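Asker: this one's structure only:
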């Protein structure tokens, strides 16, 4: 890969995840403290991510795979998104905020598949080269969290500024997208079917038993993940952790380290063990949160945050590489959209629906909760998913070939 293209893709990944991390981590705290919502409303707000993820494969399959270059679509979506984020930051109540957020996430979630597709199309060996590009997304998320902590927006109760910061970054990425390497649609001019127009061609991947089990595991494990995204920042602020958003960036620092080590782990462990270790880390993380505090067990809070590197890289990045290896050349964008649907879509949709009412049910005061019980619930769900995955998932020739490629 030419150094110029590598730089462009790295900047693209940095801004893609800076935009997301700039407001997503602290939105729960913003809603509870600024707009005075309930836990259920926080869950409904985060649920917009799932709505966007469910729609994403259709947008990608309909447009990016057939009609327009991926980088052009990416630019347009981020420019519109910048306006929506700016307006959301000026919302005075949840009723005004929610429609703006919903529309924004419908436009943003397809961009996750688009940046992956643009990157993979420039690589002859994505398994080896993608982690070095994707890690810049992690750096972007880290910088966003550290910026919020450094500016003390949580302490000053000025988290509306996070949406404005994200809006500026989104506008910049929108403009830069038009300079990215041309990524034309691979299926342009081909006979169009209804399934193809809707991006459903990638569903043929589910005919393979190993990929079907991976897909189902992706859906199930993202149910407990929704608890982390929804309520970690409100939880840490409630128990008294200073600069919680800045501390949470330790998770992305861990992600950065493990991203760089991904090829080595892949070569030694293979697909199944990588995915299983990612799930196990989620179980341990939630147990740490359940029993951690800002006193003697402060290390458990930090440990739960730091485990994010294994939680995310070993499952999500492994899954993206695994999906790319299974997808044919004609369906790479749709395949990335499919895995986005499974994880950020269906799985987290269920998680967002149940996490808010659970947090409300274990509320113990005006602004306090029984966090031990709350966190043990997603820990139990993740443990069940892990055990079923270990029992049912079998590595076939395709999975072993991916491992051999990493070793090579």
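Answerer: On my side now, so go ahead. These numbers were taken from a predicted model, which means no experiment stands behind them.

Asker: Might you report the residue contacts of residue 172?
Answerer: Taking C-beta atoms under 8 Å, 6 or more residues apart in numbering, we find residue 172 in contact with residue 15. (Glycine included, C-beta is placed from N, CA and C.)

Asker: run the last query once more with 10 Å
Answerer: For residue 172, the contacting residues are 11, 15, 18, 19, 78, 79, 82, by C-beta atoms under 10 Å, 6 or more residues apart in numbering.

Asker: and the gap between the residue nearest to the spatial centre of the chain and residue 112?
Answerer: Taking C-alpha atoms, centre = their mean, the centroid of the chain lies closest to residue 344, which sits 6.5 Å from it. Remark: distance between residue 344 and residue 112 (C-beta to C-beta, to the nearest Å) = 7 Å.

Asker: can you list residues touching both of these two?
Answerer: 52, 53, 56.

Asker: Same list, the residues you listed, but as a markdown table with neighbour count and secondary structure please.
Answerer: Below are the shared contacts of residue 344 and residue 112 laid out as a markdown table (neighbours: other C-beta atoms under 10 Å; DSSP: H, G, I helix; E, B strand; the rest coil):
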| residue | neighbour count | secondary structure |
| --- | --- | --- |
| 52 | 25 | helix |
| 53 | 29 | helix |
| 56 | 28 | helix |
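
Asker: Most neighbours among the contacts of residue 172, please name it.
Answerer: Counting neighbours by other C-beta atoms under 10 Å, residue 19 leads the contacts of residue 172 with 29 neighbours.

Asker: Next up, the contacts around that residue.
Answerer: Per C-beta under 10 Å, 6+ apart, neighbours of residue 19: 78, 81-82, 85, 108, 111, 140-141, 144, 165-174.

Asker: Tell me, how many residues neighbour residue 157?
Answerer: 12.

Asker: ok, and the closest non-adjacent residue to it?
Answerer: residue 33 (6.0 Å; C-beta to C-beta, 6 or more residues apart in numbering).

Asker: Quick check: the one you found vs residue 150, distance?
Answerer: 19 Å.

Asker: Same question for residue 230.
Answerer: For residue 230, the distance to residue 150 - C-beta to C-beta - is 24 Å.

Asker: Contact partners for the closest residue to the residue nearest to the centre of the chain other than its chain neighbours?
Answerer: Nearest non-adjacent residue to residue 344, counting by C-beta to C-beta, 6+ apart: residue 53, 3.7 Å away. Residue 53 sits next to 105-106, 108-110, 112-113, 222, 337, 339-349 when contact means C-beta under 10 Å, 6+ apart.

Asker: how far does the helix or strand containing residue 50 sit from the chain's center?
Answerer: Per DSSP states H and E, residue 50 falls inside helix 39-59. Taking the mean of its C-alpha atoms, helix 39-59 sits 12 Å from the chain's own mean (C-alpha atoms, centre = their mean, to the nearest Å).

Asker: that older thread, and of the shared contacts of residue 344 and residue 112, the nearest to residue 261?
Answerer: Distances from residue 261 to the shared contacts of residue 344 and residue 112, taken as C-beta to C-beta, are shortest for residue 53 (27.6 Å).

Asker: rewinding a little: between residue 33 and residue 150, who's got more neighbours?
Answerer: Taking neighbours as other C-beta under 10 Å, residue 33 and residue 150 compare with residue 33 leading, 16 against 11.

Asker: ok, back up a step: is it true that the residue nearest to the centre of the chain touches residue 24?
Answerer: No - counting by C-beta atoms under 10 Å, residue 344 sits too far from residue 24 to count as a contact (11.4 Å).

Asker: shared neighbours of these two, anything?
Answerer: Here residue 344 and residue 24 have 49, 105, 229 as joint contacts, going by C-beta under 10 Å, 6+ apart.

Asker: For the second one, give me its contacts.
Answerer: By C-beta under 10 Å, 6+ apart, residue 105 lies in contact with 24, 45-53, 55-56, 81, 84, 344.

Asker: ok so, going back, the helix holding residue 50: what's the following helix or strand?
Answerer: Using DSSP H and E, the first helix or strand after helix 39-59 is helix 70-89.

Asker: Quick one: list the elements packing against that following helix.
Answerer: Here helix 70-89 touches helix 3-24, helix 27-33, helix 94-120, helix 160-177, going by 3 or more C-beta pairs under 10 Å, 6 or more residues apart in numbering; DSSP states H and E.
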